[in-house]
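Chemist: Curious how this folds, go ahead:
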Amino acid sequence: MKSKAKKQFEKINSDCNLFSQLFVAAQVRNTKLEVFFKHKNHPWPPALSLHGRLRLPSNKSELLHCIDASVQPETPTYFDAKVVDGAAIVHALPQENTSTFSKYSDNIFIPWIERQLQGCSRMDNVWDTYRPDSLKATTREKRGKGLRRKVSRNTKLPSNFAGFLQGPTNKEELFALLTEDVVKHDYPLTKQVYITSGPRVQSNQANITLMGESDHEEADSRICLHVNDALREGATTVLIRTVDTDAIVILVGVFHDLVQHHPRMQLWVGFGTGKHFRYYHVNSICQELGEDKARALPFFHAFSGSDVTSQFSGKGKKTAWKAW
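Modeler: Numbering: from 1, shown residues only. Coordinates of the predicted model:
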């Protein structure tokens with residue numbers, strides 16, 4: 001595979017050769033230089049494309065520094081509901097002392113769910129879905145494909161677990177196994193656990209009305225459906241756990257629609273991992289931004305570069321925000 005620097009060198013060399021040929025032709029035909037430079041010499045705009053591919057942003061989380069509220073209330077110690085990006089949690093949890101996928105579920109993932117339930121009454125785990133024709137395919141290819149390994153309860157956990165999680169099929173099978181175990185596990189009667197399974201939602205309690213099916217591919221947007229359902233069921237303080245800037249952007253974008261129906265709601269986001277973990281109070285962010293900017297934030301995020309749209313060359317989120 002060619003390095004980025006080598007591709008750039010080949011592109012510049014090609015541009016020089018093309019420019020020389022066109023310039024000579026323009027001189028012979030007595031073409032005006034103003035007209036000559038009006039014509040494009042690339043099949044794609046270099047400001048938005050990197051060697052014919054999307055110019056993906058290198059640091060989406062810069063946007064969070066732009067919208068961060070100057071003041072926010074103290075983070076609650078107990079929430080009515082927690083909604084988590086399940087894939088992000090699987091990436092973050094350790095795999096020490098687990099030899100098989102079954103032991104990973106029993107000794108790592110289920111105990112993590114139980115610990116989270118100590119600080120809330122309801123917990124929703126939302127998985128991504130993986131479609132071969134998705135716009136996200138470009139971003140996933142950039143992250144790598146990983147080694148394929150069939151997931152079953154007795155299958156040995158791969159030594160390179162992060163590499164294993166780069167494969168969409170690997171993740172689908174792992175998430176299905178974890179979903180089955182989460183639903184079957186015994187929790188305190190006062191605790192409700194919801195977990196997605198493809199387009200459907202499953203729960204540990206059989207006597208409750210489940211959410212309808214959803215065709216959302218990304219957990220980032222599907223999380224909003226679970227937040228709305230928790231609010232309709234009486235929750236007021238809701239924590240969303242994620243590591244993706246997109247999730248916060250979408251929540252800010254739909255905040256004013258949610259607050260119209262649930263004026264007492266308090267939305268919090270637990271973002272990041274390890275020493276970079278922190279809480280964002282969505283109510284405070286939206287109050288400082290104002291309704292117009294809050295609603296427009298998803299467009300701004302997509303326009304300035306996201307997982308499926310190019311950023312402008314040399315123009316990051318902070319530069320775009322200052323211009324906005």
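Chemist: Do you have the strands of the stretch 151-300 of the chain handy? List them.
Modeler: 192-197, 200-203, 237-242, 266-271, 278-281 (DSSP state E, counting those that start in this stretch).
Chemist: Name the stretch among those strands that sits most buried.
Modeler: Highest mean neighbour count among these (mean count of other Cβ atoms under 10 Å): strand 237-242, with a mean of 24. All C-beta atoms are positioned from the backbone trio N, CA, C, and that covers glycine.
Chemist: Which neighbours in the sheet does that strand have, and how are they oriented?
Modeler: Here strand 237-242 is paired, per DSSP bridges, with strand 79-85 (parallel), strand 266-271 (parallel).
Chemist: Mean pLDDT and distance to residue 253 added to the ones you listed, as TSV?
Modeler: Converted to TSV, those look like this (pLDDT from 0 to 100; distance: least, Cβ to Cβ, whole Å):
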stretch	mean pLDDT	distance to residue 253
strand 79-85	98	16
strand 266-271	98	12
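Chemist: Can you find the helix or strand of this structure with the lowest average pLDDT?
Modeler: helix 137-143 (a mean of 61; mean pLDDT, DSSP states H and E).
Chemist: Could I get the strands of the stretch 151-300 of the chain in TSV, plus columns for distance to residue 251?
Modeler: Formatted as TSV, the strands of the stretch 151-300 of the chain follow (distance: least, Cβ to Cβ, whole Å):
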stretch	distance to residue 251
strand 192-197	18
strand 200-203	19
strand 237-242	7
strand 266-271	6
strand 278-281	9
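Chemist: What ranges in the protein fall below the confidence cut-off?
Modeler: 1-15, 18, 33, 36-37, 39, 41, 51, 135-145 (pLDDT under 70).
Chemist: Give me the domain ranges for it.
Modeler: 4-41, 62-323 (automatic domain parsing).
Chemist: which stretches of the stretch 151-300 of the chain form helices?
Modeler: Using DSSP state H, counting those that start in this stretch, the helices of the stretch 151-300 of the chain run over 161-164, 168-184, 219-232, 245-261, 282-289, 291-303.
Chemist: neighbouring contacts of the second one?
Modeler: Put plainly, it is helix 168-184. 86-87, 90, 101, 105-106, 109-110, 113, 125, 127-130, 140, 146, 148-153, 164-165, 193, 195-197, 202-204 (Cβ atoms under 8 Å, 6 or more residues apart in numbering).
Chemist: If we use 7 Å, what do you get?
Modeler: 86-87, 101, 105, 109-110, 113, 125, 127, 130, 140, 146, 148-149, 151, 164-165, 193, 195, 197, 202, 204 (Cβ atoms under 7 Å, 6 or more residues apart in numbering).
Chemist: can you check the first one too?
Modeler: Helix 161-164 has contacts (Cβ under 7 Å, 6+ apart) with 95, 146, 147, 149, 158, 170.
Chemist: now do the last one
Modeler: In this structure, residues lying in contact with helix 291-303 by Cβ under 7 Å, 6+ apart are 63, 249, 250, 252, 253, 255, 256, 286, 309, 324.
Chemist: Which of the residues you listed are buried? Put it as a PyMOL command.
Modeler: Here is the PyMOL command that picks out the buried ones among these, judged by 16 or more other Cβ atoms under 10 Å:
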select buried, resi 63+249+250+252+253+255+286+309
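Chemist: Take the contacts of helix 291-303 and write them to CSV, including distance to residue 316.
Modeler: Formatted as CSV, these follow (distance: Cβ to Cβ, whole Å):
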residue, distance to residue 316
63, 9
249, 15
250, 20
252, 19
253, 20
255, 25
256, 27
286, 23
309, 14
324, 13
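Chemist: Among the contacts of helix 291-303, which one lies nearest to residue 21?
Modeler: The closest of the contacts of helix 291-303 to residue 21 turns out to be residue 309 (Cβ to Cβ; 33.5 Å).
Chemist: what about the closest residue in space to the closest one that isn't next to it in sequence, distance to residue 246?
Modeler: Counting by Cβ to Cβ, 6 or more residues apart in numbering, the nearest residue to residue 309 once its immediate chain neighbours are dropped is residue 302, at 5.1 Å. Going from residue 302 to residue 246 by Cβ to Cβ, to the nearest Å gives 9 Å.
Chemist: between the two, which one's more packed in?
Modeler: residue 246 (19 against 14; other Cβ atoms under 10 Å).
Chemist: one step back: would you reformat the helices of the stretch 151-300 of the chain as TSV and include distance to residue 275?
Modeler: Formatted as TSV, the helices of the stretch 151-300 of the chain follow (distance: least, Cβ to Cβ, whole Å):
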stretch	distance to residue 275
helix 161-164	19
helix 168-184	26
helix 219-232	23
helix 245-261	18
helix 282-289	22
helix 291-303	25
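Chemist: ranking these by burial, who's on top?
Modeler: Of the helices of the stretch 151-300 of the chain, the one with the most neighbours on average (mean count of other Cβ under 10 Å) is helix 219-232, at a mean of 21.
Chemist: Any chance of the backbone angles for residue 124?
Modeler: Residue 124 adopts backbone torsions of phi -120, psi 130, taken as degrees, to the nearest 10.
Chemist: Would you confirm that it contacts residue 227?
Modeler: No. Counting by Cβ atoms under 7 Å, residue 124 stays clear of residue 227, with 8.3 Å between them.
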